[in-house]
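Asker: After the sequence you'll find the predicted model.
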Amino acid sequence: MDVRRARREPTMRDVAALAKVSTKTVSRVINDLPGAGPEVVERVRAAARTLGYRPNLTASSLRRSDKRSATIGVLLEDLSNPFDAALLRAVEDRARQNDVLVLAGSSEDDPELQRELLTSLAIRRVDGIVVMAAGGHQDALQQERERGTPMVLVDRPPTFDGTDSVTTTNRVSSRDAVLHLAALGHRRIAFLGD
């Protein structure tokens, strides 16, 4: 036997044959839909475990009427930056709660790289994109939004209509911090940051 040849992934048809049920029954069990009794559910799950069956989400999304892929894209400036890494982690945590996979990339604040990564995410039919726009360059984002891709901008407000954004209140927060320090009697107040 040639060990270089990949083993064929088991299909729903294989699970159905082993469990002695129809592929429709396997589909119902795999997708947690009603219509199969407890004994049949256990038999199908046991067959799936035995075969090492994993659902093909790409094929599944092609059959779904809503065309959802259960993936979102996250496009940040630099994933090695602690702020960006923490933001990605928060998005991943929330996505995981909803069985959604996150595909992420760093634009390095380069408009051309941002466009390339945005296109790459869009052709993979992600369900939406969370993006930190490259400084002042939002044309590609606007074009993708106009194509119907759901999008949320983070850390930078959009320069075009129809897109949600989540930004920090740097100016207001800085003002509040200075006023607080001044109220405590501090007079020589400095800020260090990038």
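Answerer: Nice, I can see it.

Asker: what residues are up against the nearest residue to Lys20 once chain neighbours are set aside?
Answerer: Excluding the flanking residues, the one nearest Lys20 by CB to CB, 6 or more residues apart in numbering is Arg43, at 7.5 Å. All C-beta spots, glycine's among them, are computed from the backbone N, C-alpha and C. Shown in contact with Arg43 (CB atoms under 8 Å, 6 or more residues apart in numbering): 19-21.

Asker: Can you give me the buried ones in the host helix or strand of Arg43?
Answerer: Element membership for Arg43, per DSSP states H and E: helix 38-51. For helix 38-51, a neighbour-count test (16 or more other CB atoms under 10 Å) marks 40-41, 43-45, 47-48, 51 as buried.

Asker: before we move on, back to that, can you pull the pLDDT of the residue nearest to Lys20?
Answerer: pLDDT recorded at Arg43 is 94.

Asker: In JSON lines: the buried residues of helix 38-51, plus distance to Val15.
Answerer: As requested, these are arranged in JSON lines below (distance: CB to CB, whole Å):
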{"residue": "Val40", "distance to Val15": "12"}
{"residue": "Val41", "distance to Val15": "12"}
{"residue": "Arg43", "distance to Val15": "10"}
{"residue": "Val44", "distance to Val15": "6"}
{"residue": "Arg45", "distance to Val15": "9"}
{"residue": "Ala47", "distance to Val15": "5"}
{"residue": "Ala48", "distance to Val15": "5"}
{"residue": "Leu51", "distance to Val15": "6"}
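
Asker: Ile72: which of those residues is nearest?
Answerer: Distance to Ile72 across the buried residues of helix 38-51 (CB to CB) is lowest for Ala48, with 26.8 Å.

Asker: In space, what's closest to the closest one - neighbours in sequence excluded?
Answerer: Val15 is the one closest to Ala48 (CB to CB, 6+ apart), at 5.1 Å.

Asker: Which is the succeeding secondary structure element to the longest helix along the chain?
Answerer: What stands out as the longest helix in the chain, according to DSSP state H, is helix 82-97. For helix 82-97, the following helix or strand on the C-terminal side (DSSP H and E) is strand 101-106.

Asker: Much appreciated, bye for now.
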